[in-house]
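A.B. asks: The amino acid sequence is not available; the structure is as follows:
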């Protein structure tokens, strides 16, 4: 299928997406989408078994970022999936019925989106992009900057120790960025040997 869609505004971050299908057509469509360049940062797995396989695959609370499940049964059966899903997991349901009432019921259950067959790769990728965009809105972080008027005044040491102190909290994730591209000491002080520096990451 020819695809002339402009993906310039689509962002699929580094993530895990698990797909569970009940038909070969759906599995083939999801496999094709997973090979798209826009999905290169995501780890996508496609398996058969539908809702039952999705429930049995993951221990309680250890589900991926997104679960895509093909389901044509009763809506109430999806509540079983909610019992094992982590709060941070988004669920996309694929079905055979194009019905706004069904969509509203699924939304009330907490389903992120509903797609009806046959799947369109453009619509599926756009749906994933919207799901991740909505997740970023509610997960904003805090930026703390440490700077000084000149080199050798200890700003790097303060920043690094501040990051270590914050990282001791089990509910906080820390990202340290040393903007001194030429003389930065963060990797050295943390005894790290990064394969790429900030300059390479920005260009990529």
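C.D. replies: Yep, that arrived. The model shown is predicted, which means the values in this text are computed figures rather than measured ones. Numbers count the residues shown, from 1 in each chain.
A.B. asks: Which strands or helices does the least confident helix or strand in the chain by mean pLDDT pack on?
C.D. replies: Counting by mean pLDDT, DSSP states H and E, the weakest-scoring helix or strand in the chain turns out to be helix 198-203, with a mean of 72. For helix 198-203, there is no helix or strand it packs on, judged by 3 or more CB pairs under 8 Å, 6 or more residues apart in numbering; DSSP states H and E. C-beta coordinates here come from the backbone N, C-alpha and C atoms, glycine included.
A.B. asks: what about it, distance to the chain center?
C.D. replies: Centre-to-centre, helix 198-203 and its host chain are 22 Å apart (CA atoms, centre = their mean, to the nearest Å).
A.B. asks: do stretch 192-202 as well
C.D. replies: Counting by CA atoms, centre = their mean, stretch 192-202 comes out at 22 Å from the chain centroid.
A.B. asks: which residues does residue 39 contact?
C.D. replies: By CB atoms under 8 Å, 6 or more residues apart in numbering, the contact list for residue 39 reads 12, 33, 125, 128.
A.B. asks: Could you check which helix or strand contains the third one?
C.D. replies: Yep, that's residue 125 we're talking about. helix 121-137 (DSSP states H and E).
A.B. asks: residues in contact with the helix or strand that comes right after that helix?
C.D. replies: Using DSSP H and E, the helix or strand that follows helix 121-137 in sequence is helix 155-167. The contact list for helix 155-167 (CB under 8 Å, 6+ apart) reads 144, 146-148, 172, 174, 176, 178, 180, 184-186, 189-190.
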